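this one's structure only:
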């Protein structure tokens, strides 16, 4: 996989809200995430590698709506299996 530094920063900002990261500088969280990503085989670059450039980026606002739709589909499929 491949993520950009900007994406890493956004992940760090989100993680800074977690109880164990409150009061820890964002830079420190970024460095920790970089080590974890490296261990997982994820490259961090300034721009996406060409092979990953075509991935589907969804705006954050649309993710909540998509999650609700998937939840409804899962409920519907479970009801269909019970009959």
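Yes, it's here. Because the structure is predicted, anything quoted here is derived from the model rather than measured.

Find the residue at the geometric middle of the protein.
In the chain, the centroid-proximal residue (Cα atoms, centre = their mean) is residue 11; its distance is 6.7 Å.

what's near enough to touch it?
Contact analysis of residue 11 by Cβ atoms under 8 Å, 6 or more residues apart in numbering lists 3, 33. Just so you know, the C-beta spots here come from the backbone N, C-alpha and C atoms, and that holds for glycine as well.

can you pull out the helices in this structure?
Applying DSSP state H to the chain gives helices spanning 5-15, 26-40, 60-82.

low-scoring stretches of the chain, by residue?
Where the chain drops to pLDDT under 70, the residues are 52-60, 81-83.

how about 90 then?
1-2, 47-83 (pLDDT under 90).

picking up where we left off before, quick one: the residue nearest to the centre of the chain and residue 40, what's the gap?
13 Å (Cβ to Cβ, to the nearest Å).

any residues in contact with both of those two?
Counting by Cβ under 8 Å, 6+ apart, no residue touches both residue 11 and residue 40.

possible to save the helices of the chain as CSV with distance to residue 51?
Output for these, formatted as CSV (distance: least, Cβ to Cβ, whole Å):
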stretch, distance to residue 51
helix 5-15, 16
helix 26-40, 17
helix 60-82, 24
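
Residue 46 is nearest to which of those?
Judged by Cβ to Cβ, the one of the helices of the chain that comes nearest to residue 46 is helix 5-15, at 5.9 Å.

Just the buried residues of that closest one, please?
8, 12, 15 (16 or more other Cβ atoms under 10 Å).

by how many degrees do that helix and helix 26-40 diverge?
Taking axes from the mean of the first three to the mean of the last three Cα atoms, to 10 degrees, one finds helix 5-15 and helix 26-40 inclined to each other by 110 degrees.

I'd say residue 43 and residue 1 touch.
Yes: Residue 43 is within contact range of residue 1, at 7.1 Å (criterion: Cβ atoms under 8 Å).

Overlap in contacts, the two.
When contacts are counted by Cβ under 8 Å, 6+ apart, the set common to residue 43 and residue 1 is empty.
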